[in-house]
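Q: Got a predicted model here, sequence first, then my questions.
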Amino acid sequence: MTEQLKAAPPHLIPDSAPFTAEQRAWLNGFFAGLLGAGGTPVAAADVLPPAASDEDFPWHDAALTLDERMKLADGRPIARRLMAAMAQLDCGQCGYLCQTYAEALAAGAETSPARCVPGGRETTRTLKALLAEAPAPAAAASAKAPAKTPQRATVPARLLSREILSKPGSQKEVRHIALAFADGALAYEVGDSLGVVAENCPDLVTAIVARLGGGEARVPCPDGVDRPLAEALRAHLDIARPSDDAIALFRDRALYPEDRAKLDSLLDGTAGDDLAEIDLHDLLTLFSTDSIAPAALAERLLPLQPRLYSISSSPQAHRGEVHLTVSAVRWERRGRARKGVASTFLADRALLNAPVQIYAQTSHGFHLAPDEAPIVMIGPGTGIAPFRAFLAEREARAARGRNWLFFGDQRRATDYLYEDEIEGFRARGTLTRLDLAFSRDQLRKIYVQDRMRESAAELWSWLQDGAYVYVCGDAKRMARDVHRALIDIAAELGRMPLHEAEQWLAAFGREGRYRRDVY
């Protein structure tokens with residue numbers, strides 16, 4: 001009997017496409033089958049746009065609103081519209097970058113639209129709506145390829161310290177977190193982020209288990225392993241951000257029409273402030289339902305994702321260690337104290353000298369400029385984190401480039417983070433210029449963008465001398481205001497109309513000299 005050899009599938013996905021070899025092989029096979037089937041095939045360009053090294057992504061800006069991003073992507077292939085719906089942070093918490101996650105969804109290699117942690121429910125719903133209207137390849141492939149939780153290689157680190165940086169009287173609780181790792185276990189560069197595998201608050205877990213009952217009952221976890229309910233809720237499932245599928249389960253089991261209406265409002269995005277920031281404990285206490293089996297609920301919850309923080313240390317200056325600058329998030333809602341999952345894990349629950357699982361997330365476009373290049377760093381609040389690392393790195397390498405820092409917060413007496421270190425960098429000449437903006441120290445609030453405008457002439461001179469501009473911190477307000485200040489400075493000092501100044505700043509970014517790590 002003669003063996004029939006199978007022809008190799010056509011090479012439809014280019015090697016330059018942002019997929020792993022395994023994903024490219026799967027996609028080549030899928031499209032080969034699709035294009036070889038009867039009927040009229042859907043053009044691949046309707047799903048994945050042709051590869052182009054100079055393709056522009058105007059929506060890839062975390063400072064833009066979702067509506068603004070979607071308008072910029074209007075008329076583009078489905079993969080680009082999916083990308084525009086994401087949070088644009090390239091944070092890696094989903095296991096991808098925004099572009100590769102969108103392309104995997106469009107092609108069907110990924111089927112979960114709920115992996116964008118910073119985008120939250122707004123992004124998930126937009127992705128679902130786009131996928132429902134997607135061409136056949138995405139729909140057909142998603143039926144064949146079950147979603148998998150992306151696996152990350154983590155390493156154990158030892159929690160050395162969690163010093164409070166904020167001084168008494170501050171309205172914030174900012175901590176310097178220092179972690180030590182074994183020699184060679186973790187490689188990172190300044191500008192990278194650190195993924196921290198945190199656990200949910202045990203008090204919240206206990207309260208949820210008491211409501212559900214059966215803490216030792218085994219339930220499915222996203223990695224395919226069944227675990228006791230309490231363990232699953234503590235370390236594997238997202239209980240702070242219930243998925244739409246979990247909310248739908250409560251709606252379907254609700255005993256009263258008014259509860260079903262409220263749960264529907266959560267699902268369609270019309271819920272009022274009274275249902276804001278709802279977590280799993282809220283679902284169990286606010287709504288009367290028929291009995292919900294723990295296993296049925298667990299399989300509808302999202303996986304507990306690692307949290308990412310900008311690294312505030314230099315591998316040259318802080319060998320064997322990695323540092324973070326973390327604001328502990330605490331607030332009250334509906335009469336109950338709430339806690340940020342990872343920030344309070346690091347501030348309160350992780351034990352000193354005990355292991356914490358971490359991994360380095362490579363920066364995409366936020367690494368330090370060449371040693372001889374001048375840099376301008378704009379980072380109020382915890383946005384100082386990467387710039388502490390930059391200054392330490394440049395000092396350790398005796399880099400010749402000039403360094404200018406804009407830092408601000410509420411009050412100098414209580415919120416000047418890393419004051420001794422920053423003043424030390426200035427005294428030693430590493431920090432060429434320092435501009436501070438403490439908004440509450442005078443009647444008129446002053447922010448970093450105001451200091452930029454005050455020093456517009458010198459700032460413009462630095463830019464003409466080849467300076468790189470780095471911005472880290474709040475995307476919705478600070479980053480927008482800084483962006484506008486740069487445009488206004490370019491228009492005034494460059495003597496150009498406003499629209500040309502906007503084009504200048506866009507070109508400045510394409511040159512790689514305008515780099516932002518905003519959230």
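A: Nice, thanks for sending it over. In this text, all values refer to a predicted model and were calculated from it rather than measured experimentally.

Q: switch to C-alpha atoms for all contacts and neighbour counts from now on
A: Will do.

Q: three-state assignment of residue 88?
A: coil (DSSP: H, G, I helix; E, B strand; the rest coil).

Q: residues near it, how many?
A: Look at residue 88: counted by other C-alpha atoms under 10 Å, it has 24 neighbours.

Q: In contact with it, which residues?
A: Shown in contact with residue 88 (C-alpha atoms under 8 Å, 6 or more residues apart in numbering): 60, 61, 62, 98.

Q: from the residues you listed, which is closest to residue 412?
A: residue 62 (28.6 Å; C-alpha to C-alpha).

Q: The closest one belongs to a helix, doesn't it?
A: No - counting by three-state DSSP, residue 62 falls outside a helix, being coil.

Q: Return the distance of the nearest residue to it once chain neighbours are set aside relative to residue 326.
A: Spatial nearest neighbour of residue 62, chain neighbours left out: residue 88 (5.0 Å); criterion: C-alpha to C-alpha, 6 or more residues apart in numbering. Distance of residue 88 to residue 326, given as C-alpha to C-alpha, to the nearest Å: 21 Å.

Q: The longest strand that the chain contains pairs with which strands, and in what direction?
A: Counting residues, the longest strand in the chain under DSSP state E turns out to be strand 155-164. Using DSSP bridges, strand 155-164 pairs in its sheet with strand 174-180 (antiparallel), strand 355-361 (antiparallel).

Q: need the next SSE after the first one, C-terminal direction.
A: The one in question is strand 174-180. strand 193-196 (DSSP states H and E).

Q: Quick one: list the elements packing against that following strand.
A: strand 307-310, strand 355-361 (3 or more C-alpha pairs under 8 Å, 6 or more residues apart in numbering; DSSP states H and E).

Q: Between the strands paired with strand 155-164, which one is closest to residue 398.
A: Here strand 174-180 is closest among the strands paired with strand 155-164 (C-alpha to C-alpha), at 24.2 Å.

Q: List the buried residues of stretch 171-190.
A: 172-181, 186, 188-190 (16 or more other C-alpha atoms under 10 Å).

Q: The residue most central in space within the chain: what's it in contact with?
A: Centroid check for the chain by C-alpha atoms, centre = their mean gives residue 91 as the closest residue, at 3.8 Å. Listed by C-alpha under 8 Å, 6+ apart, the contact partners of residue 91 are 97, 308, 361.

Q: ranking the residues you listed by neighbours, who comes first?
A: residue 361 (23 neighbours).

Q: Just the CA trace of stretch 374-389, in CSV.
A: What follows is stretch 374-389, C-alpha atoms only, in CSV (Å, rounded to 0.1, in the frame of the first residue of the first chain):
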residue,chain,number,x,y,z
PRO,A,374,19.1,64.4,26.6
ILE,A,375,15.9,63.2,28.2
VAL,A,376,12.9,65.0,29.7
MET,A,377,10.9,63.0,32.2
ILE,A,378,7.4,64.0,33.3
GLY,A,379,6.0,61.8,36.1
PRO,A,380,3.8,63.1,38.9
GLY,A,381,2.8,60.9,41.8
THR,A,382,3.7,57.2,41.3
GLY,A,383,4.6,58.1,37.7
ILE,A,384,8.1,58.9,39.2
ALA,A,385,8.8,55.1,39.3
PRO,A,386,10.5,54.6,36.0
PHE,A,387,12.4,57.9,36.3
ARG,A,388,14.0,56.9,39.6
ALA,A,389,15.2,53.9,37.6
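
Q: Check the offset of it from the chain's centre.
A: 18 Å (C-alpha atoms, centre = their mean, to the nearest Å).

Q: Could I get the average pLDDT for that stretch?
A: Stretch 374-389 carries an average pLDDT of 98.

Q: Could I get the contacts of residue 91 in JSON lines, plus columns for pLDDT and distance to residue 258?
A: Conversion of the contacts of residue 91 to JSON lines gives the following (pLDDT from 0 to 100; distance: C-alpha to C-alpha, whole Å):
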{"residue": "97", "pLDDT": "86", "distance to residue 258": "40"}
{"residue": "308", "pLDDT": "93", "distance to residue 258": "38"}
{"residue": "361", "pLDDT": "92", "distance to residue 258": "45"}
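
Q: Using a markdown table, lay out those together with distance to residue 424.
A: Formatted as a markdown table, the contacts of residue 91 follow (distance: C-alpha to C-alpha, whole Å):
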| residue | distance to residue 424 |
| --- | --- |
| 97 | 37 |
| 308 | 28 |
| 361 | 29 |
